[in-house]
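**Q** got a sequence here, can you model it:
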Amino acid sequence: MAFVGLGSNLDDPRSQVLRALQALDSLPRTRVLARSSLYRSAPVGYLEQPDFINAVAKLETALSPRALLDALLGLERECGRTREFRNAPRTLDLDVLLYNGLRCHEHGLTIPHPQMHERAFVLRPLLEIAPDCVIPGIGPAQEALQGCQQQQLENIAHEP
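**A** Predicted coordinates for the structure are as follows:
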């Protein structure tokens, strides 16, 4: 079981996220078990950019964490993602948030995602589809969300 965070703020972000949710279901040996509503959030870090559309998907996958990350990076490239600078605007951002309760830190891959417990745009959609989620090394996601109450987040409805 893996959870993937999705975000976009360029080139029709809502459509980018919806297409990415469909694409996740077509990854090898992977299927989407649940997906959150879509949420609008303000940018983090670099603030001079449009708001983001975010979601979280719950996956059943036989891919290893590294193979899953590589597949996500491939989907980002297919959608035109470029990495000009940290926190830059992007057509698509896909992050491995959690993977079977695993804790790992290796080059280019940290699970759980190192900032997920500080971001309402990850926690609220995650809790929508996994209300009892516990972040390894952090604790209940619901408790982490309490520390993010100042962050503005708007549910913009679940797309069929």
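
**Q** with only the CA atoms kept, save the biggest helix by length in the chain in PDB.
**A** Residue-count comparison of every helix in the chain, with assignments taken from DSSP state H, identifies helix 65-78 as the longest. Coordinates of the C-alpha atoms in helix 65-78 are reproduced here as PDB (Å, rounded to 0.1, in the frame of the first residue of the first chain):
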ATOM      1  CA  PRO A  65       9.500   2.200  -3.600                       C
ATOM      2  CA  ARG A  66      12.300   3.200  -6.000                       C
ATOM      3  CA  ALA A  67      10.500   1.800  -9.000                       C
ATOM      4  CA  LEU A  68       7.300   3.600  -8.000                       C
ATOM      5  CA  LEU A  69       9.300   6.900  -7.700                       C
ATOM      6  CA  ASP A  70      10.900   6.300 -11.100                       C
ATOM      7  CA  ALA A  71       7.400   5.700 -12.600                       C
ATOM      8  CA  LEU A  72       6.100   8.900 -11.000                       C
ATOM      9  CA  LEU A  73       9.000  10.900 -12.300                       C
ATOM     10  CA  GLY A  74       8.300   9.500 -15.800                       C
ATOM     11  CA  LEU A  75       4.700  10.700 -15.500                       C
ATOM     12  CA  GLU A  76       5.900  14.200 -14.500                       C
ATOM     13  CA  ARG A  77       8.100  14.300 -17.500                       C
ATOM     14  CA  GLU A  78       5.300  13.200 -19.800                       C
END
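
**Q** other SSEs contacting it?
**A** With contacts defined as 3 or more Cβ pairs under 8 Å, 6 or more residues apart in numbering; DSSP states H and E, the secondary structure elements packing on helix 65-78 are strand 2-8, helix 13-24, strand 93-99, strand 109-111. C-beta here means a position set from N, CA and C on the backbone, and glycine is covered the same way.

**Q** among these, which is nearest residue 76?
**A** The closest approach between residue 76 and any of the helices and strands packed on helix 65-78, judged by Cβ to Cβ, belongs to strand 93-99 at 5.7 Å.

**Q** who touches that closest one?
**A** Applying Cβ atoms under 8 Å, 6 or more residues apart in numbering, the set of residues contacting strand 93-99 from outside is 1-8, 20, 56, 65, 68-69, 72-73, 75-76, 81, 109, 111-113, 116, 122, 126, 133, 135-136.
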